[in-house]
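Novice: model the structure of this input:
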Amino acid sequence: MNLTFIFFILATASSVLASLDRPFFVGLGLLKSRIPRFITSLDHPYVKEHQHAIESLSDPVQFFCYPESQLRALLPPIPDDIFKKLSLENNQWDHTVEILSGFLDCPLAIEELEELQVKISSASPSKYYRSSVKAFPLFTRLFKEAVQLKTLAWMDPYPEWDSHNATSALHKYLTDQKLNLPSVTTLILGPNAEFFVAAAPKLHKISSAPGFAWSWSGFNHFHRYENGPQRRLVRSLGSAKQLEDVDLGFSFSRDSIAELVKAAPGVKTLSLEDLSDEGRQYGSTGRDNFKGILLELAKLESLTVLGLPHVNSLGISFLPEPGIGCGNVYFELEGTKYGRSELLHETRATEEAADIILQSLPQLTKLCIRECADVEAGKIVRWPWTGRLREYLLQSWPRYDGMDSEDNVKEDPNGPLLYTWEEDEEWLTTSKEHRIDEL
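Specialist: As a prediction, the model looks like this:
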(Lines give C-alpha, C1' and ligand atoms only; values in the text may rest on other atoms or scores of the structure.)
Protein backbone atom coordinates (compact mmCIF):
# COMPACT_ATOMS: atom_id res chain seq x y z
CA MET A 1 0.00 0.00 0.00
CA ASN A 2 1.62 3.28 -1.15
CA LEU A 3 1.70 6.51 0.83
CA THR A 4 -0.57 8.35 -1.59
CA PHE A 5 -3.36 5.84 -0.98
CA ILE A 6 -2.88 6.05 2.78
CA PHE A 7 -3.12 9.84 2.72
CA PHE A 8 -6.25 9.58 0.55
CA ILE A 9 -7.90 7.24 3.06
CA LEU A 10 -7.02 9.50 6.01
CA ALA A 11 -8.24 12.62 4.25
CA THR A 12 -11.49 10.92 3.29
CA ALA A 13 -12.04 9.67 6.85
CA SER A 14 -11.36 13.13 8.24
CA SER A 15 -13.82 14.67 5.82
CA VAL A 16 -16.51 12.14 6.70
CA LEU A 17 -16.03 12.68 10.42
CA ALA A 18 -16.22 16.43 10.00
CA SER A 19 -19.48 16.18 8.07
CA LEU A 20 -21.19 13.95 10.64
CA ASP A 21 -22.21 14.45 14.28
CA ARG A 22 -19.05 15.77 15.92
CA PRO A 23 -20.18 15.31 19.57
CA PHE A 24 -21.04 11.68 18.79
CA PHE A 25 -17.53 10.97 17.57
CA VAL A 26 -16.05 12.90 20.50
CA GLY A 27 -17.97 10.56 22.78
CA LEU A 28 -16.49 7.58 20.93
CA GLY A 29 -13.01 9.00 21.40
CA LEU A 30 -12.48 9.43 17.65
CA LEU A 31 -12.21 13.21 17.85
CA LYS A 32 -10.68 15.52 20.43
CA SER A 33 -13.16 17.56 22.45
CA ARG A 34 -13.33 21.23 21.57
CA ILE A 35 -14.28 22.08 25.16
CA PRO A 36 -11.08 23.12 26.95
CA ARG A 37 -10.26 21.49 30.26
CA PHE A 38 -10.67 24.72 32.20
CA ILE A 39 -14.34 24.82 31.15
CA THR A 40 -15.08 21.21 32.12
CA SER A 41 -13.24 21.76 35.42
CA LEU A 42 -15.85 24.32 36.39
CA ASP A 43 -18.13 21.36 37.13
CA HIS A 44 -21.10 23.59 36.41
CA PRO A 45 -24.58 22.20 35.61
CA TYR A 46 -24.80 24.39 32.51
CA VAL A 47 -21.74 22.76 30.96
CA LYS A 48 -23.04 19.28 31.74
CA GLU A 49 -26.54 20.00 30.44
CA HIS A 50 -25.38 21.55 27.17
CA GLN A 51 -22.18 19.59 26.58
CA HIS A 52 -23.44 18.11 23.29
CA ALA A 53 -24.33 21.53 21.89
CA ILE A 54 -21.10 23.11 23.15
CA GLU A 55 -19.11 20.45 21.29
CA SER A 56 -20.85 21.55 18.11
CA LEU A 57 -19.64 25.14 18.43
CA SER A 58 -16.77 26.23 16.25
CA ASP A 59 -15.02 27.93 19.19
CA PRO A 60 -16.26 27.18 22.75
CA VAL A 61 -13.65 29.55 24.21
CA GLN A 62 -15.12 32.48 22.27
CA PHE A 63 -18.59 31.41 23.39
CA PHE A 64 -17.71 31.37 27.10
CA CYS A 65 -15.11 34.09 27.41
CA TYR A 66 -16.38 36.93 25.24
CA PRO A 67 -19.93 38.25 25.88
CA GLU A 68 -19.98 40.01 22.49
CA SER A 69 -19.42 36.72 20.60
CA GLN A 70 -22.10 35.90 18.01
CA LEU A 71 -21.91 32.27 19.12
CA ARG A 72 -23.85 33.21 22.24
CA ALA A 73 -27.05 33.38 20.21
CA LEU A 74 -26.81 29.64 19.45
CA LEU A 75 -27.33 28.38 23.01
CA PRO A 76 -29.34 29.33 26.11
CA PRO A 77 -27.88 32.27 28.06
CA ILE A 78 -24.85 31.45 30.17
CA PRO A 79 -25.60 31.72 33.92
CA ASP A 80 -24.01 34.64 35.74
CA ASP A 81 -22.22 32.29 38.15
CA ILE A 82 -20.48 30.20 35.49
CA PHE A 83 -17.00 31.47 36.47
CA LYS A 84 -17.62 32.12 40.15
CA LYS A 85 -15.90 28.91 41.27
CA LEU A 86 -12.90 26.99 39.92
CA SER A 87 -11.90 23.60 41.32
CA LEU A 88 -8.52 22.00 40.74
CA GLU A 89 -9.14 18.61 42.29
CA ASN A 90 -7.64 16.06 39.91
CA ASN A 91 -4.46 15.64 42.00
CA GLN A 92 -2.25 16.09 38.94
CA TRP A 93 0.00 19.10 38.48
CA ASP A 94 0.22 18.75 34.69
CA HIS A 95 -3.56 19.05 34.44
CA THR A 96 -3.37 22.05 36.76
CA VAL A 97 -0.98 23.79 34.38
CA GLU A 98 -3.34 23.17 31.46
CA ILE A 99 -6.41 24.36 33.35
CA LEU A 100 -4.79 27.49 34.74
CA SER A 101 -3.36 28.42 31.34
CA GLY A 102 -6.81 28.25 29.77
CA PHE A 103 -8.42 30.11 32.65
CA LEU A 104 -5.88 32.91 32.50
CA ASP A 105 -6.51 33.31 28.77
CA CYS A 106 -10.21 33.91 29.46
CA PRO A 107 -10.68 37.55 30.58
CA LEU A 108 -14.25 36.99 31.78
CA ALA A 109 -13.20 34.05 33.94
CA ILE A 110 -10.48 36.01 35.72
CA GLU A 111 -12.81 38.96 36.21
CA GLU A 112 -15.61 36.91 37.81
CA LEU A 113 -13.69 34.30 39.86
CA GLU A 114 -14.73 34.40 43.53
CA GLU A 115 -13.84 30.94 44.87
CA LEU A 116 -10.78 28.81 44.11
CA GLN A 117 -10.42 25.24 45.39
CA VAL A 118 -7.06 23.53 44.98
CA LYS A 119 -6.64 19.88 45.91
CA ILE A 120 -3.45 18.47 44.45
CA SER A 121 -0.77 16.30 45.99
CA SER A 122 2.62 17.72 46.86
CA ALA A 123 4.17 14.69 48.51
CA SER A 124 6.23 13.10 45.72
CA PRO A 125 8.90 15.34 44.17
CA SER A 126 9.91 12.74 41.60
CA LYS A 127 6.40 12.57 40.20
CA TYR A 128 5.05 16.09 40.70
CA TYR A 129 7.85 18.55 41.29
CA ARG A 130 8.72 19.53 37.70
CA SER A 131 5.14 20.07 36.61
CA SER A 132 4.29 21.80 39.89
CA VAL A 133 7.07 24.35 39.34
CA LYS A 134 5.53 25.19 35.95
CA ALA A 135 2.29 26.03 37.75
CA PHE A 136 3.86 28.46 40.22
CA PRO A 137 3.92 31.55 37.94
CA LEU A 138 0.39 30.72 36.81
CA PHE A 139 -0.85 30.79 40.40
CA THR A 140 1.02 34.06 40.95
CA ARG A 141 -0.71 35.63 37.97
CA LEU A 142 -4.10 34.22 39.02
CA PHE A 143 -3.79 35.64 42.55
CA LYS A 144 -2.77 39.00 41.10
CA GLU A 145 -5.48 39.30 38.44
CA ALA A 146 -8.47 37.66 40.17
CA VAL A 147 -9.48 40.84 41.98
CA GLN A 148 -12.87 39.40 43.05
CA LEU A 149 -11.41 36.30 44.72
CA LYS A 150 -13.12 35.90 48.10
CA THR A 151 -12.53 32.27 49.10
CA LEU A 152 -9.37 30.20 48.73
CA ALA A 153 -9.34 26.52 49.68
CA TRP A 154 -5.94 24.85 49.52
CA MET A 155 -5.39 21.27 50.62
CA ASP A 156 -3.13 18.32 50.01
CA PRO A 157 -5.14 15.08 49.81
CA TYR A 158 -2.16 13.02 50.97
CA PRO A 159 -0.24 15.11 53.50
CA GLU A 160 2.88 13.77 55.14
CA TRP A 161 5.04 15.12 57.91
CA ASP A 162 8.37 15.57 56.16
CA SER A 163 7.48 15.25 52.47
CA HIS A 164 5.66 18.30 51.17
CA ASN A 165 8.24 19.44 48.67
CA ALA A 166 5.93 21.10 46.15
CA THR A 167 4.09 23.03 48.86
CA SER A 168 7.37 24.16 50.40
CA ALA A 169 8.68 25.25 47.03
CA LEU A 170 5.44 27.07 46.27
CA HIS A 171 5.62 28.81 49.65
CA LYS A 172 9.11 30.09 48.88
CA TYR A 173 8.14 31.11 45.35
CA LEU A 174 5.03 33.01 46.44
CA THR A 175 6.94 34.68 49.27
CA ASP A 176 9.62 35.83 46.83
CA GLN A 177 6.85 37.16 44.60
CA LYS A 178 5.36 39.03 47.59
CA LEU A 179 2.09 37.09 47.60
CA ASN A 180 -0.89 39.34 48.28
CA LEU A 181 -4.54 38.29 48.53
CA PRO A 182 -6.24 41.64 49.14
CA SER A 183 -9.79 40.50 48.42
CA VAL A 184 -9.72 37.09 50.16
CA THR A 185 -11.94 36.94 53.26
CA THR A 186 -12.17 33.16 53.72
CA LEU A 187 -9.42 30.53 53.81
CA ILE A 188 -9.92 26.77 53.97
CA LEU A 189 -6.52 25.24 54.54
CA GLY A 190 -4.98 21.82 54.80
CA PRO A 191 -1.67 21.00 56.49
CA ASN A 192 1.41 23.02 55.50
CA ALA A 193 -0.59 25.81 53.83
CA GLU A 194 -0.66 28.26 56.75
CA PHE A 195 1.51 30.72 54.79
CA PHE A 196 -1.61 31.99 53.01
CA VAL A 197 -2.88 33.57 56.23
CA ALA A 198 -0.34 36.39 56.34
CA ALA A 199 -1.09 37.22 52.68
CA ALA A 200 -4.80 37.89 53.32
CA PRO A 201 -5.13 41.21 55.23
CA LYS A 202 -8.94 41.12 55.08
CA LEU A 203 -9.24 37.53 56.34
CA HIS A 204 -12.51 37.16 58.23
CA LYS A 205 -12.96 33.38 58.43
CA ILE A 206 -10.60 30.42 58.48
CA SER A 207 -11.43 26.72 58.41
CA SER A 208 -9.34 23.61 58.36
CA ALA A 209 -9.81 21.54 55.23
CA PRO A 210 -12.65 19.02 55.55
CA GLY A 211 -12.14 15.30 55.14
CA PHE A 212 -9.21 13.25 56.32
CA ALA A 213 -6.36 15.68 55.64
CA TRP A 214 -5.88 16.61 59.29
CA SER A 215 -6.54 13.11 60.60
CA TRP A 216 -4.19 11.40 58.13
CA SER A 217 -2.46 8.51 59.88
CA GLY A 218 0.91 10.18 59.48
CA PHE A 219 -0.27 12.98 61.76
CA ASN A 220 -1.36 10.84 64.69
CA HIS A 221 2.02 10.80 66.38
CA PHE A 222 3.07 14.41 65.97
CA HIS A 223 0.04 16.68 65.99
CA ARG A 224 1.06 18.00 69.42
CA TYR A 225 4.61 18.79 68.27
CA GLU A 226 5.58 22.40 68.81
CA ASN A 227 6.31 22.88 65.11
CA GLY A 228 3.69 20.47 63.76
CA PRO A 229 1.23 21.65 61.09
CA GLN A 230 -1.64 22.11 63.52
CA ARG A 231 0.30 24.35 65.88
CA ARG A 232 1.78 26.26 62.94
CA LEU A 233 -1.69 27.00 61.58
CA VAL A 234 -2.89 28.19 64.99
CA ARG A 235 0.11 30.48 65.44
CA SER A 236 -0.30 31.91 61.93
CA LEU A 237 -3.65 33.40 62.99
CA GLY A 238 -1.81 36.11 64.87
CA SER A 239 -1.29 37.98 61.59
CA ALA A 240 -5.03 38.03 60.78
CA LYS A 241 -6.17 41.24 62.47
CA GLN A 242 -9.75 41.10 61.16
CA LEU A 243 -10.32 37.41 61.91
CA GLU A 244 -13.70 36.71 63.54
CA ASP A 245 -14.68 33.16 62.58
CA VAL A 246 -12.46 30.13 63.30
CA ASP A 247 -13.45 26.52 62.53
CA LEU A 248 -10.67 23.99 63.15
CA GLY A 249 -11.29 20.29 62.70
CA PHE A 250 -8.44 18.83 64.69
CA SER A 251 -7.63 18.03 68.30
CA PHE A 252 -6.89 20.53 71.06
CA SER A 253 -5.59 20.43 74.60
CA ARG A 254 -5.57 23.23 77.15
CA ASP A 255 -2.11 24.34 75.95
CA SER A 256 -3.11 24.52 72.30
CA ILE A 257 -6.37 26.29 73.23
CA ALA A 258 -4.30 28.86 75.09
CA GLU A 259 -2.20 29.34 71.98
CA LEU A 260 -5.34 29.81 69.89
CA VAL A 261 -6.74 32.38 72.32
CA LYS A 262 -3.47 34.32 72.18
CA ALA A 263 -3.34 34.23 68.36
CA ALA A 264 -7.00 35.15 67.73
CA PRO A 265 -8.26 37.16 70.73
CA GLY A 266 -11.00 38.89 68.74
CA VAL A 267 -12.72 35.76 67.48
CA LYS A 268 -16.53 35.88 67.64
CA THR A 269 -17.37 32.41 66.29
CA LEU A 270 -15.29 29.38 67.24
CA SER A 271 -15.84 25.74 66.28
CA LEU A 272 -13.60 22.94 67.55
CA GLU A 273 -13.88 19.32 66.45
CA ASP A 274 -12.12 17.61 69.35
CA LEU A 275 -10.74 18.46 72.78
CA SER A 276 -8.68 15.34 73.41
CA ASP A 277 -5.35 15.54 71.62
CA GLU A 278 -3.73 13.89 74.63
CA GLY A 279 -6.03 10.90 74.52
CA ARG A 280 -9.60 10.45 75.70
CA GLN A 281 -9.85 11.39 79.38
CA TYR A 282 -12.66 10.81 81.85
CA GLY A 283 -13.27 11.13 85.56
CA SER A 284 -11.41 13.78 87.55
CA THR A 285 -8.65 14.07 84.93
CA GLY A 286 -11.13 14.74 82.13
CA ARG A 287 -13.07 17.25 84.23
CA ASP A 288 -9.91 19.11 85.25
CA ASN A 289 -8.80 19.27 81.62
CA PHE A 290 -12.17 20.61 80.51
CA LYS A 291 -12.23 23.14 83.34
CA GLY A 292 -8.85 24.42 82.17
CA ILE A 293 -10.10 24.70 78.58
CA LEU A 294 -13.09 26.75 79.75
CA LEU A 295 -10.79 29.07 81.68
CA GLU A 296 -8.87 29.73 78.47
CA LEU A 297 -11.99 30.20 76.34
CA ALA A 298 -13.37 32.66 78.87
CA LYS A 299 -10.57 35.03 77.84
CA LEU A 300 -12.26 35.46 74.43
CA GLU A 301 -14.35 38.48 75.37
CA SER A 302 -15.91 38.81 71.90
CA LEU A 303 -16.90 35.13 71.61
CA THR A 304 -20.65 34.74 71.03
CA VAL A 305 -20.94 31.46 69.09
CA LEU A 306 -19.17 28.29 70.28
CA GLY A 307 -19.23 24.91 68.55
CA LEU A 308 -17.92 21.89 70.47
CA PRO A 309 -17.75 18.19 69.61
CA HIS A 310 -20.03 15.42 70.87
CA VAL A 311 -20.50 15.46 74.63
CA ASN A 312 -18.48 12.25 74.86
CA SER A 313 -15.41 14.17 73.68
CA LEU A 314 -15.61 16.76 76.44
CA GLY A 315 -14.29 14.41 79.11
CA ILE A 316 -16.93 15.29 81.72
CA SER A 317 -19.51 12.60 81.10
CA PHE A 318 -19.92 9.06 82.34
CA LEU A 319 -21.02 8.10 78.85
CA PRO A 320 -18.95 5.61 76.84
CA GLU A 321 -18.09 6.17 73.20
CA PRO A 322 -21.18 5.66 70.99
CA GLY A 323 -21.43 2.00 70.08
CA ILE A 324 -18.27 1.25 72.00
CA GLY A 325 -19.11 -2.43 72.35
CA CYS A 326 -19.90 -3.42 68.78
CA GLY A 327 -22.02 -2.31 65.87
CA ASN A 328 -24.22 -5.33 66.55
CA VAL A 329 -25.68 -3.59 69.61
CA TYR A 330 -27.81 -1.48 67.26
CA PHE A 331 -29.26 -4.41 65.30
CA GLU A 332 -32.91 -5.43 65.26
CA LEU A 333 -35.54 -4.45 67.83
CA GLU A 334 -33.29 -4.66 70.89
CA GLY A 335 -30.68 -2.57 69.13
CA THR A 336 -33.27 0.09 68.26
CA LYS A 337 -34.30 0.40 71.89
CA TYR A 338 -30.67 0.47 72.96
CA GLY A 339 -30.01 3.31 70.51
CA ARG A 340 -32.88 5.33 71.96
CA SER A 341 -31.64 4.72 75.48
CA GLU A 342 -28.14 5.83 74.53
CA LEU A 343 -29.51 8.95 72.80
CA LEU A 344 -31.49 9.85 75.92
CA HIS A 345 -28.35 9.71 78.03
CA GLU A 346 -26.59 11.89 75.48
CA THR A 347 -29.33 14.54 75.51
CA ARG A 348 -29.25 14.75 79.29
CA ALA A 349 -25.44 14.87 79.34
CA THR A 350 -25.48 17.59 76.68
CA GLU A 351 -27.86 19.70 78.77
CA GLU A 352 -25.66 19.29 81.84
CA ALA A 353 -22.52 20.15 79.86
CA ALA A 354 -24.20 23.28 78.49
CA ASP A 355 -24.99 24.47 82.01
CA ILE A 356 -21.33 24.06 82.97
CA ILE A 357 -20.09 25.86 79.84
CA LEU A 358 -22.45 28.81 80.25
CA GLN A 359 -21.21 29.39 83.78
CA SER A 360 -17.85 30.32 82.23
CA LEU A 361 -19.18 31.84 78.98
CA PRO A 362 -22.45 33.62 79.81
CA GLN A 363 -22.03 35.99 76.84
CA LEU A 364 -22.73 33.26 74.28
CA THR A 365 -25.73 33.66 71.99
CA LYS A 366 -25.41 30.21 70.42
CA LEU A 367 -23.90 26.97 71.70
CA CYS A 368 -23.40 23.75 69.76
CA ILE A 369 -22.48 20.43 71.36
CA ARG A 370 -23.09 18.42 68.21
CA GLU A 371 -26.64 19.83 68.29
CA CYS A 372 -27.13 23.60 68.47
CA ALA A 373 -29.21 25.81 70.74
CA ASP A 374 -29.79 29.54 71.05
CA VAL A 375 -28.76 31.20 74.29
CA GLU A 376 -30.28 34.18 76.07
CA ALA A 377 -28.89 35.75 79.23
CA GLY A 378 -26.65 32.77 79.90
CA LYS A 379 -29.47 30.21 79.57
CA ILE A 380 -30.33 27.72 76.84
CA VAL A 381 -33.51 28.72 75.03
CA ARG A 382 -34.30 25.45 73.30
CA TRP A 383 -32.56 22.29 72.17
CA PRO A 384 -33.90 20.36 69.18
CA TRP A 385 -35.52 17.92 71.63
CA THR A 386 -36.89 20.48 74.10
CA GLY A 387 -40.61 19.85 74.60
CA ARG A 388 -40.59 17.07 71.99
CA LEU A 389 -38.28 14.39 73.32
CA ARG A 390 -40.49 11.51 72.18
CA GLU A 391 -40.66 12.88 68.63
CA TYR A 392 -36.91 13.50 68.63
CA LEU A 393 -36.24 9.88 69.60
CA LEU A 394 -38.51 8.56 66.88
CA GLN A 395 -36.89 10.76 64.26
CA SER A 396 -33.49 9.32 65.15
CA TRP A 397 -34.71 5.78 65.86
CA PRO A 398 -38.01 5.06 64.03
CA ARG A 399 -40.16 2.14 65.05
CA TYR A 400 -38.45 -1.09 64.02
CA ASP A 401 -40.22 -2.59 61.01
CA GLY A 402 -38.55 -6.00 61.07
CA MET A 403 -37.47 -5.84 57.43
CA ASP A 404 -33.85 -6.68 58.27
CA SER A 405 -34.61 -9.44 60.73
CA GLU A 406 -34.84 -13.13 59.86
CA ASP A 407 -37.60 -13.66 62.41
CA ASN A 408 -39.48 -10.65 61.00
CA VAL A 409 -40.18 -9.20 64.46
CA LYS A 410 -41.85 -5.82 64.26
CA GLU A 411 -42.06 -3.20 66.96
CA ASP A 412 -45.50 -2.54 68.42
CA PRO A 413 -46.39 0.96 67.18
CA ASN A 414 -48.27 1.53 70.44
CA GLY A 415 -45.62 0.01 72.70
CA PRO A 416 -42.98 1.74 74.85
CA LEU A 417 -40.07 3.45 73.17
CA LEU A 418 -37.65 1.99 75.69
CA TYR A 419 -37.60 -1.49 77.14
CA THR A 420 -40.52 -0.95 79.54
CA TRP A 421 -43.31 1.51 80.23
CA GLU A 422 -41.61 2.30 83.53
CA GLU A 423 -38.49 3.48 81.69
CA ASP A 424 -40.62 5.59 79.38
CA GLU A 425 -42.24 7.21 82.38
CA GLU A 426 -38.89 7.76 84.04
CA TRP A 427 -37.15 9.34 81.03
CA LEU A 428 -39.88 10.92 78.96
CA THR A 429 -41.33 13.06 81.74
CA THR A 430 -39.73 15.86 83.70
CA SER A 431 -40.42 14.18 87.05
CA LYS A 432 -36.90 12.79 87.43
CA GLU A 433 -33.50 14.27 86.54
CA HIS A 434 -30.48 12.29 85.39
CA ARG A 435 -27.30 14.20 86.09
CA ILE A 436 -23.72 13.65 85.03
CA ASP A 437 -20.81 14.11 87.42
CA GLU A 438 -20.43 17.70 88.61
CA LEU A 439 -17.21 19.61 88.06
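Novice: only C-alpha atoms for contact and neighbour calcs from this point on.
Specialist: Will do.
Novice: before we move on, what SS does Val246 have?
Specialist: Three-state assignment for Val246 (DSSP: H, G, I helix; E, B strand; the rest coil): strand.
Novice: just to check, it is in contact with Gly266?
Specialist: No - assessed by CA atoms under 8 Å, Val246 is found out of contact with Gly266, at 10.4 Å.
Novice: ok, the two, which is more surrounded?
Specialist: Neighbour tally, Val246 and Gly266, criterion other CA atoms under 10 Å: the higher count belongs to Val246, 23 against 19.
Novice: what are the ranges of the strands in the stretch 1-150 of the chain?
Specialist: Secondary structure of the stretch 1-150 of the chain (DSSP state E, counting those that start in this stretch): strands located at 85-88, 115-119.
Novice: okay, these in CSV with mean pLDDT next?
Specialist: Shown next, in CSV, are the strands of the stretch 1-150 of the chain (pLDDT from 0 to 100):
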stretch, mean pLDDT
strand 85-88, 91
strand 115-119, 92
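Novice: now tabulate those strands in JSON lines and tack on mean neighbour count.
Specialist: Formatted as JSON lines, those follow (neighbours: other CA atoms under 10 Å):
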{"stretch": "strand 85-88", "mean neighbour count": "20"}
{"stretch": "strand 115-119", "mean neighbour count": "20"}
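Novice: same list (these) but as TSV, adding distance to Val409.
Specialist: Below are the strands of the stretch 1-150 of the chain laid out as TSV (distance: least, CA to CA, whole Å):
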stretch	distance to Val409
strand 85-88	49
strand 115-119	48
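Novice: closest to Asp374 out of the ones you listed?
Specialist: Ranking the strands of the stretch 1-150 of the chain by distance to Asp374, with CA to CA as the measure, places strand 115-119 first at 30.7 Å.
Novice: so what strands line up beside the closest one?
Specialist: strand 85-88 (parallel), strand 151-155 (parallel) (DSSP bridges).
Novice: now these in CSV, with distance to Thr304?
Specialist: Converted to CSV, the strands paired with strand 115-119 look like this (distance: least, CA to CA, whole Å):
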stretch, distance to Thr304
strand 85-88, 31
strand 151-155, 24
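Novice: which one of those strands lies closest to Pro77?
Specialist: The closest of those to Pro77 is strand 85-88. By CA to CA, the value is 18.1 Å.
Novice: residues in contact with the closest one?
Specialist: Residues from elsewhere that reach strand 85-88 (CA atoms under 8 Å, 6 or more residues apart in numbering): Ser41, Leu42, Asp43, Thr96, Leu113, Glu114, Glu115, Leu116, Gln117, Val118, Lys119, Ile120.
Novice: next: stretch 356-368.
Specialist: 294-295, 297-298, 303-309, 354, 372-379, 439.
Novice: could you tell me which of the residues you listed count as buried?
Specialist: 294, 297-298, 303-309, 354, 372-375, 378-379 (16 or more other CA atoms under 10 Å).
Novice: which of these fall in strands?
Specialist: Within the buried ones among the contacts of stretch 356-368, residues falling in strands by DSSP state E are Val305, Leu306, Gly307, Leu308, Cys372, Ala373, Asp374, Val375, Lys379.
Novice: can I get these in JSON lines including pLDDT?
Specialist: What follows is these, written out as JSON lines (pLDDT from 0 to 100):
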{"residue": "Val305", "pLDDT": "97"}
{"residue": "Leu306", "pLDDT": "97"}
{"residue": "Gly307", "pLDDT": "95"}
{"residue": "Leu308", "pLDDT": "92"}
{"residue": "Cys372", "pLDDT": "95"}
{"residue": "Ala373", "pLDDT": "95"}
{"residue": "Asp374", "pLDDT": "95"}
{"residue": "Val375", "pLDDT": "95"}
{"residue": "Lys379", "pLDDT": "93"}
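Novice: and the two most separated of these?
Specialist: The most distant members of these, if one measures by CA to CA, are Leu308 and Lys379, lying 16.9 Å apart.
Novice: quick one, what contacts Glu98?
Specialist: Each residue near Glu98 by CA under 8 Å, 6+ apart is listed here: Arg37, Phe38.
Novice: hmm, Leu297 is touching Val261, no?
Specialist: Yes - contact criterion CA under 8 Å: Leu297 and Val261 qualify, at 7.0 Å.
Novice: direction-wise, compare the longest helix along the chain with strand 371-376 and give the angle.
Specialist: Ordering each helix of the chain by length in residues (DSSP state H) puts helix 332-360 first. Orientation check (axes from the mean of the first three to the mean of the last three CA atoms, to 10 degrees): helix 332-360 against strand 371-376 gives 30 degrees.
Novice: let me know the average pLDDT across helix 332-360.
Specialist: Averaging pLDDT along helix 332-360 yields 90.
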